[in-house]
Each structure stands twice: as structure tokens, then as C-alpha cells.
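Peer 1: following is a predicted model, sequence given first.
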Amino acid sequence: MQRDARTVSFLAAPDADDYPVAPLMILLVLVAVTEGADAALFPAVTKALEETVTYPDGRVFSGDTLGWLATVQLIIQALAGPTWAILASRGMLTRPAILGIGTLFQGLATAVMWYFITNTPMMLLLRAVNGICLAALRPIANSIVGDRFDDDVRGQYFSYIGSGMQLGNAVTFFFSVSQAKKVYNIGGQEWYGWQFSFIAVGLFTAALSPAVILCMKAPPVQQVAAKDEGQGLGKELNMLVNLFKKKSFAVIVFQGCFGLLPWRAFDFRAFFFETAGLTPEQSGIVGTSGAFGAAGGNIIGGFVGDLLHRCWPNHGRVLAAEISVYGGIPIAYMTFQYVPAADIAFVYYLSLTIGLGLLAAWTEPATINPVLCSLAREDERALILAWQTSLQGAIGAFGPIMFTTLCYYVLGYDAKCARKDPDPEWGCDSRDPDANFKAAGTALFLCSCIPWAICGLLYSTLHYTYPADLEMVAQEAEERLAQGDQAIEVGGVPQTAQPSHPGSSFLNLS
């Protein structure tokens with residue numbers, strides 16, 4: 001296929017074949033693993049913190065605290081994302097360097113969190129550092145995939161990154177939740193398992209940084225020299241305004257504000273499962289299996305999105321998102337609103353959680369990332385992915401606080417009554433024994449099914465906006481060609497357009 005105004009946004013960078021697939025994807029997947037591990041850490045130890053941590057003033061640690069900490073991190077992460085993307089897109093830092101910096105400082109911050117768990121100001125600072133560093137990871141990694149592969153196989157490779165994140169989530173969740181409450185005596189001092197979880201995840205993440213910086217070989221960002229874009233802040237604001245002229249970008253951002261809320265609230269699923277009566281070990285198996293299911297769902301979604309795209313080019317990826325979102329709603333309803341018999345509760349929650357992961361994790365590899373890459377100019381892929389992640393993340397950040405507000409303050413969850421031996425003065429004996437379970441389940445239902453229903457309706461509008469936006473992209477590219485703005489710079493030297501390569505295999509090392 002010849003690179004021209006109509007196809008350039010669908011194709012890989014001109015020199016993409018110079019960068020072997022397997023080494024690149026292995027490192028990108030490992031980076032995604034660290035993000036998944038971070039996402040699993042606090043949800044896995046929430047119940048243990050609630051039962052083992054008491055503040056110096058005698059207050060009991062509650063999940064409400066984690067809701068605020070998570071919200072702060074996610075807001076900072078949303079604000080930091082475009083900054084990293086600008087550094088990459090404008091050639092100020094290479095993308096491997098950005099990923100290396102992010103993993104290093106994210107790891108160091110995570111490794112010391114256990115020590116400051118009752119120091120709220122310090123925890124807020126560390127979570128903010130975590131958010132800044134996490135903002136450097138997924139949009140940058142996804143932009144590398146967008147430059148390395150053509151559109152007809154991008155979903156497949158996006159799915160590997162999503163699966164890596166879910167695998168990191170699964171492994172971390174299982175070991176953390178199963179060890180969180182255990183006590184170890186080391187050198188005459190008692191240590192809880194949850195403390196080791198923070199240390200292990202932090203050290204693994206930081207240790208990955210040198211490998212990323214030294215060994216990752218990725219296509220450089222292709223600079224497109226346009227004559228009328230301006231400089232500095234004006235250029236970036238102009239770029240954002242132009243993005244919102246593409247209705248599909250606005251729709252994806254807006255749906256993401258709703259679509260992300262359930263996943264952020266799902267950070268409390270382990271908390272719900274233990275409240276429902278599962279043991280920590282059973283909760284760990286359910287949560288881990290769900291994450292493995294989501295890893296498989298990413299792979300399935302990537303291949304389904306690519307297949308439907310080849311069969312129905314302007315609508316196939318949208319259909320994949322509709323199947324995923326509308327299919328996940330009844331599964332979430334049955335998980336949080338139906339009370340299974342005690343003897344089948346473990347199998348019931350396990351089956352539904354795996355099923356939800358297999359179906360609801362399609363949207364990012366099948367639809368969001370490939371569609372955004374096709375709407376972006378070659379030098380703006382990191383930016384469009386970062387802006388989308390940041391703008392939807394700014395709203396999705398309120399998922400944890402929405403859940404905890406509903407659960408604790410509206411529906412009446414009482415953290416003191418969740419302890420094994422509550423003080424008789426707390427009045428727990430007079431409460432409905434299932435009150436905490438009902439509160440947690442209803443809060444998760446409200447935070448998942450309603451936002452997903454809105455999200456699905458917004459996805460459906462892409463059937464109308466996406467084809468029109470592709471025409472706009474082609475027209476803009478033709479105008480740049482006519483103005484002489486389309487010279488591609490590689491290493492600062494203008495290059496002529498090159499023919500694209502065919503879709504590469506993951507195992508192709510050439």
C-alpha cells in the first residue's frame with residue numbers, strides 16, 4: 001500500500017520494519033505489568049488495612065480513606081498525561097526515556113508507602129508522585145504501537161499491552177490478598193504481609209527502568225512540519241481545539257468519563273467479596289481469575305476489533321465496543337444485586353467475574369486506541385492518546401470516591417462493624433447482619449450498570465461520526481500535501497514518503 005493523504009493515519013511509521021517486534025513488545029508488556037500491579041495493590045489489601053491499621057489518634061482505617069487517596073492520584077495522573085505526551089511528540093524526550101523515568105519513580109514511591117500508611121499528608125504526596133509517573137506509561141506505550149503497526153493489526157498489539165496490565169493485576173492481587181493479613185516475625189519485629197506487597201511491587205517496577213532505557217528500540221516520533229500551527233502553548237491549545245473538531249474524539253472522551261467509572265469502582269470488588277462472606281483466599285482467587293479473564297478479554301477484543309474492522313471498515317470497531325459494553329451490564333447486575341446461596345457463593349462470583357473480564361475488556365484494544373490512532377497525524381498519536389486518557393481520567397478519577405460516598409455515607413456501610421470482634425458499645429448487634437453486604441453491592445451496582453448504559457449509547461453514535469471524521473482527516477492531509485507541509489522528518493532530516501509494510505507477526509524478529 002502506498003502512503004498517501006488518505007492512508008497515512010492508518011499506516012505504521014515509514015521505518016517501522018527497522019524495529020524488531022518481539023523485543024519491543026516484551027518491554028512494553030512488562031511496563032504494562034507494572035501499571036497493573038500498582039492498580040491491584042490497594043484493592044487487594046483494603047480489608048487487611050481496615051482490620052490491622054489504627055491511626056495514632058485511635059481512628060480505624062477505612063476504605064473511605066483509600067477512596068480519597070485513589071481520587072487524588074487519578075486526578076494528578078489526568079493532569080500530567082498531556083505533559084509527557086508533549087515531551088514525546090515535540091522530541092524533547094525519547095519515548096523509552098519517558099517510560100524509564102515513569103517506572104523508576106513510580107517504583108520508588110510505591111516501595112515506601114507502607115511506612116507512611118497512617119501519615120495522610122505523606123500518602124497524598126506519594127500517591128501524587130505515583131499518578132504523575134503512571135501518566136507517562138500507557139499513552140506513550142500505545143503511541144509506540146500506533147507507529148509500529150498498521151491499522152488492520154493494531155488491535156492485536158494493543159491487546160497485548162492491555163493483557164500485560166491485567167496479568168500484573170492478577171498476580172499482584174492474588175499474592176497480596178492472600179498474604180495481606182499474615183504476620184511475620186523478622187528480627188523481633190512484626191511485619192504484615194501487606195507491607196511486603198508494597199515493597200515487592202515497588203522494587204520490581206523500579207528495577208525495570210534500566211532495561212527500558214537501555215534496551216527498548218522504538219520508532220522515533222515522526223515530526224510533521226506544518227506552517228501555520230504556531231509555537232509553544234498556543235500550538236498545543238490549537239492542537240486540542242482541532243482534536244475536538246473531530247466529533248469521534250469528543251464522543252470517545254465523553255464516553256470514557258462514564259466507561260471508566262465502573263473500572264475505578266471495581267477496585268473495591270475484593271472488599272465486596274470479603275464483605276459477602278468469602279475468605280481472603282477465595283476473594284484472592286476470584287479477583288485474580290477476573291484479572292486473568294480481563295487479560296483474555298483484551299486478546300479477544302483486539303482480534304475481534306481487527307476482524308470486524310476488515311469486514312466493516314467504518315463500523316466494525318464500533319460494533320465491537322457495543323457488544324462489550326451492552327454485554328457487561330447484565331453480568332455486573334447479577335454480580336452485585338443477586339444473593340447466591342452460601343454453598344455456591346464462591347463458584348457464583350468466580351464465574352461471573354471471569355465472564356465480565358472476558359467480555360467487558362474489549363473496548364480499549366478493539367475500539368478506542370485504533371480509532372484514535374486513525375484520527376491523529378503521525379506526530380500527534382501520543383498526544384491524542386494522552387489527551388483522551390487524561391480528559392476521561394479526570395472524571396473517572398471520581399469512581400473510587402463515588403463508590404465510598406455511596407457505600408459509607410448514603411447506604412450505611414459501617415467499618416467498625418466489619419471487624420471480627422466489634423466493641424459492644426458500637427451497636428453492631430442491633431444492625432441488619434447483611435447491611436454492609438447490601439451497601440457494598442448496591443454501591444457497586446450504581447457505579448457500574450448506570451454509567452455503562454450511558455457509555456454504550458455514546459459508542460453507538462460513532463456509527464455516524466467516525467466515517468465523517470475519517471473524511472476530515474483525509475482532507476486535512478491533502479491540504480498539507482498541497483501546502484508542502486507533509487515532509488516527514490526522521491532524525492531531523494526530511495524523508496520522502498515510503499511504502500508501508502504489511503502487518504507484522506508478533507514473533508517476527510526481523
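Peer 2: Yes, it's here. Numbering: from 1, shown residues only.

Peer 1: ok, which stretches of the protein are strands?
Peer 2: Under the criterion DSSP state E, strands of the chain are mapped to 183-186, 189-192, 223-224, 488-490, 493-495.

Peer 1: flag every buried residue along the second one.
Peer 2: Buried residues in strand 189-192, defined by neighbour count with 16 or more other C-beta atoms under 10 Å: Tyr192. In this view, the C-beta of every residue, glycine as well, is placed from N, C-alpha and C.

Peer 1: got the end-to-end distance for stretch 258-271?
Peer 2: Taking C-alpha to C-alpha, to the nearest Å as the measure, stretch 258-271 stretches 22 Å from start to finish.

Peer 1: what pLDDT, on average, does it get?
Peer 2: The pLDDT scores in stretch 258-271 average 84.

Peer 1: what sits against Pro313?
Peer 2: Shown in contact with Pro313 (C-beta atoms under 8 Å, 6 or more residues apart in numbering): no residues.

Peer 1: so what's the backbone phi/psi at it?
Peer 2: Note on Pro313: its backbone torsions stand at phi -50, psi -40 [degrees, to the nearest 10].

Peer 1: residue boundaries of the helices in the stretch 251-400 of the chain?
Peer 2: 269-275, 280-311, 316-337, 345-360, 363, 369-375, 381-396, 399-404 (DSSP state H, counting those that start in this stretch).

Peer 1: most packed of those helices?
Peer 2: Greatest average neighbour count among those goes to helix 363 (a mean of 28), per mean count of other C-beta atoms under 10 Å.

Peer 1: can you list contacts of that helix?
Peer 2: Contact with helix 363 is made by 259, 301, 320-321, 324-325, 459, as judged by C-beta under 8 Å, 6+ apart.

Peer 1: redo the residues you listed as TSV? Include distance to Gln179.
Peer 2: Listed next are the contacts of helix 363 as TSV, based on distance: C-beta to C-beta, whole Å:
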residue	distance to Gln179
Gly259	32
Gly301	32
Ala320	38
Ala321	37
Ser324	33
Val325	35
Tyr459	39
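
Peer 1: which of those residues sits closest to Tyr157?
Peer 2: Closest approach between the contacts of helix 363 and Tyr157, by C-beta to C-beta: Gly301, at 12.4 Å.

Peer 1: against Thr94, how distant is the closest one?
Peer 2: Counting by C-beta to C-beta, to the nearest Å, the gap between Gly301 and Thr94 amounts to 30 Å.

Peer 1: also Lys246?
Peer 2: Distance from Lys246 to Thr94, by C-beta to C-beta: 28 Å.

Peer 1: out of the two, which sits in the more crowded spot?
Peer 2: Higher neighbour count among Lys246 and Thr94: Lys246, with 22 against 17, using other C-beta atoms under 10 Å.

Peer 1: so what's that one up against?
Peer 2: If you count contacts by C-beta under 8 Å, 6+ apart, Lys246 has them with 375, 465, 469, 472-473.

Peer 1: ok, the closest residue to Val29 other than its chain neighbours - contacts?
Peer 2: Excluding the flanking residues, the one nearest Val29 by C-beta to C-beta, 6 or more residues apart in numbering is Gly164, at 3.6 Å. Residues near Gly164 by C-beta under 8 Å, 6+ apart: 28-33, 36, 295.

Peer 1: just the buried ones from those?
Peer 2: Neighbour counting by 16+ other C-beta under 10 Å classes 28-33, 36, 295 among those as buried.

Peer 1: closest to Thr404 out of those residues?
Peer 2: Nearest member of those to Thr404, counting by C-beta to C-beta, is Gly36, at 22.2 Å.

Peer 1: quick one: that closest one from Gly155, how far?
Peer 2: According to C-beta to C-beta, Gly36 and Gly155 sit 19 Å apart.

Peer 1: swap in Phe271?
Peer 2: Distance from Phe271 to Gly155, by C-beta to C-beta: 33 Å.

Peer 1: now Leu99
Peer 2: Leu99 is 22 Å from Gly155, where distance means C-beta to C-beta.
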